[in-house]
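Predicted model and sequence follow; I will ask about them next.
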Amino acid sequence: TPTASSSPHFQYADANLIIRTSDHVELRVHKSIMASTSRVFKDMLSLDDLRAQSSSETRVVDVTETSAAMEAALRFLYPLPRPILTTLEPIVILLEIGDKYDIPILGEAMQEGLLASPFIQSHTTRVYSIS
């Protein structure tokens, strides 16, 4: 397997969860934040509790998304500046991540962004189909 690199933005010293992306970047985050914002992560991490793993063990979750997509999604979950979305493509990707991992705040933010953006005038049909 290729050597993983680290995200410059998601390297929390007290992280207890590593999200490893399809392009082999490790995002060090917190189980509590992921479980409280994503129903899929909550269910996945609750299985760890059933296995009675040591609380000091850092769980690794491999995802199919790229580091750019996961970092953009995580910026909506952590108190960090949100990404500036200048095209529809990242909005679609973030909506897919929100749906896949059941992250309501991500879907809501993308819907609000679509309604407030100039895309609704310039790409009315596409925005409607995305909605």
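Thanks, I have the structure now. Numbering: from 1, shown residues only.

where's residue 33, which helix or strand?
helix 31-37 (DSSP states H and E).

So what's the gap between that helix and the chain middle?
Relative to its parent chain, helix 31-37 has a centroid offset of 11 Å by Cα atoms, centre = their mean, to the nearest Å.

Counting by contacts, list what that helix packs against.
strand 17-20, helix 39-50 (3 or more Cβ pairs under 8 Å, 6 or more residues apart in numbering; DSSP states H and E). In short, each C-beta sits where N, CA and C put it, glycine included.

Please identify the deepest-packed of those.
Among those, strand 17-20 has the highest mean neighbour count (mean count of other Cβ atoms under 10 Å), at a mean of 20.

Going by residue numbers, what spans are strands in this protein?
Taking DSSP state E, the strands of the chain run over residues 5-11, 17-20, 25-29, 59-62.

CSV please, covering these and showing distance to residue 116.
Shown next, in CSV, are the strands of the chain (distance: least, Cβ to Cβ, whole Å):
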stretch, distance to residue 116
strand 5-11, 25
strand 17-20, 29
strand 25-29, 28
strand 59-62, 32
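
Of these, which is nearest residue 112?
With Cβ to Cβ as the measure, strand 5-11 is the member of these nearest residue 112 (22.9 Å).

Identify the residues contacting that closest one?
Outside strand 5-11, the residues that touch it by Cβ atoms under 8 Å, 6 or more residues apart in numbering are 19, 24-29, 67, 71, 74-75, 78, 80.

could you flag which of these are buried?
For those, a burial check counting by 16 or more other Cβ atoms under 10 Å picks out 19, 25, 26, 27, 28, 29, 67, 71, 74, 75.
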